[in-house]
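> Requesting a structural model of the entry that follows:
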Amino acid sequence: MKPRQPISVLVIEDDPGDLYFIREILSESKAIRVEMVHSGKMSAAVKQMEAGPFDIILTDLQLPDSTGMATLFAVQSYAPDTPVIVLSGLLDEELAIKAVREGAQDYLVKGSFDGNLLIRSILYSIERKKLLMQLENSLREIKTLKGLIPICAWCRKLRDDDGYWKLVETYIMEHTNAAFTHGICPECAKKARAEFDEHKKSRLMGNDKKKDSRSTACRPKSSDQDSAG
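Purely as a prediction, here's the structure:
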């Protein structure tokens, strides 16, 4: 059985007591392996986030050089793909809820959570962020056709935004996630069958005419003498 990969955690917290509590929980956890990095200021956290990606970030919103929602927005700007758990005091709980609405994966009130709750929040936040990113990527990949699309009345090709005329299936594949499988509808199948039968009939008639011309060419011509005799 392969050992579990450690979870890299950035903790942005300026209170020594809260930091000690979190460090003890993470170091003693048997459920996960953790590699923890700590920053006491946003300026230091920015350098940490620029140095390398983290699996999750735990941050207090009230820091010496950053306060309130500005803290969350700063973290999101430097680590947009990393889930964030907000650590809040009792008086900041309303702000923490607002932070969740703005993209934080969870919030924990200091002094009101134990090791199990913190570990569960970390694991759930990581998985939830993965699912959200997959959904966002899927939505970005969805392209819709809107507005007026120029189409040739004769050959049925479509003109793209660059002025090039393209087959309908080519245009749709370039502007949507659709792919084509080729078949034939009953109406076209009937028409194609009729054309095939007509072509076959024409070939048979042509072969008959060739046979008649060959047989006529091979038939001996009567001479004038035979006529006279």
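> what are the ranges of the helices in the chain?
16-28, 42-51, 69-78, 93-101, 115-141, 168-175, 186-218, 224-228 (DSSP state H).
> for those helices, which one sits closest to residue 6?
helix 16-28 (10.4 Å; Cβ to Cβ). Bear in mind the C-beta positions are built from the backbone N, C-alpha and C, glycine included.
> Would you mark the buried spots in that closest one?
Buried residues in helix 16-28, defined by neighbour count with 16 or more other Cβ atoms under 10 Å: 18, 19, 21, 22, 23, 25, 26.
> Any figure for the gap between the first one and residue 114?
It stands for residue 18. 14 Å (Cβ to Cβ, to the nearest Å).
> Any idea which of the helices of the chain has the lowest pLDDT on average?
Here the helices of the chain differ in mean pLDDT, and the lowest is helix 224-228 at a mean of 49.
> now the end-to-end length of stretch 49-66.
16 Å (Cα to Cα, to the nearest Å).
> Run the chain-centre distance for that stretch.
27 Å (Cα atoms, centre = their mean, to the nearest Å).
> go on, stretch 82-102?
29 Å.
> So what touches that stretch?
13, 18, 22, 49, 53-62, 68-69, 72-73, 75-76, 103-112, 121-122, 125-126, 128-129 (Cβ atoms under 8 Å, 6 or more residues apart in numbering).
> Report the buried residues of that stretch.
82-89, 92, 95-96, 98-99.
> what does stretch 65-82 give?
Those would be 66, 71, 72, 74, 75, 76, 78, 79, 82, for stretch 65-82 by 16+ other Cβ under 10 Å.
> Show me the two of these that sit farthest apart.
66 and 82 (16.9 Å).
> which residues touch residue 117?
residue 108 are the contacts of residue 117 under Cβ under 8 Å, 6+ apart.
> I'd like the distance between it and residue 14.
For residue 117, the distance to residue 14 - Cβ to Cβ - is 22 Å.
> now residue 28
23 Å.
> just residue 120 next, same as before
25 Å.
> Of the buried residues of stretch 82-102, which pair is most distant in space?
82 and 89 (23.1 Å).
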